[in-house]
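Trainee: Sequence and predicted structure, then a few things I'm wondering about:
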Amino acid sequence: MDKVEHPSHYGEVEPWDFEPKMPSSGSPFVDHLRMAAVEYIWRAPLKGGVTDLEKAANVLEKAADYARGGLS
């Protein structure tokens, strides 16, 4: 498997395969953070385990803060 185009830590289906189908929040930045969280969750069992889940939680918290009008 090509490590650049198809890294093994995503398995057979990669997050960008379904990213275009993800509903928009109306904020490109929030959408970017949401997708980053999905990527961490998706790869957790194959790469970073609990650390990736913690990263996903951190990114989602930032997305929520931004959506609430925080983070400038």
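Mentor: Great, that's in hand.

Trainee: what about the nearest residue to residue 41 once chain neighbours are set aside, how many residues close to it?
Mentor: The shortest distance from residue 41 to any residue other than its chain neighbours is 4.8 Å, reached at residue 56 (CB to CB, 6 or more residues apart in numbering). C-beta here means a position set from N, CA and C on the backbone, and glycine is covered the same way. With neighbours defined by other CB atoms under 10 Å, the count for residue 56 comes to 20.

Trainee: what's the distance between residue 56 and residue 35?
Mentor: Between residue 56 and residue 35 the distance, using CB to CB, to the nearest Å, works out to 11 Å.

Trainee: what ranges do the helices span in this structure?
Mentor: Assigned helices in the chain, in chain order: 15-18, 28-43, 50-67 (criterion: DSSP state H).

Trainee: what's the distance between residue 65 and residue 48?
Mentor: Using CB to CB, one gets 23 Å for the distance from residue 65 to residue 48.

Trainee: what do you get for residue 21?
Mentor: Computed with CB to CB, the distance linking residue 21 and residue 48 is 25 Å.

Trainee: Which one of these two is surrounded by more residues?
Mentor: It is residue 48, of residue 21 and residue 48, that has more neighbours when counted by other CB under 10 Å, with 15 against 6.
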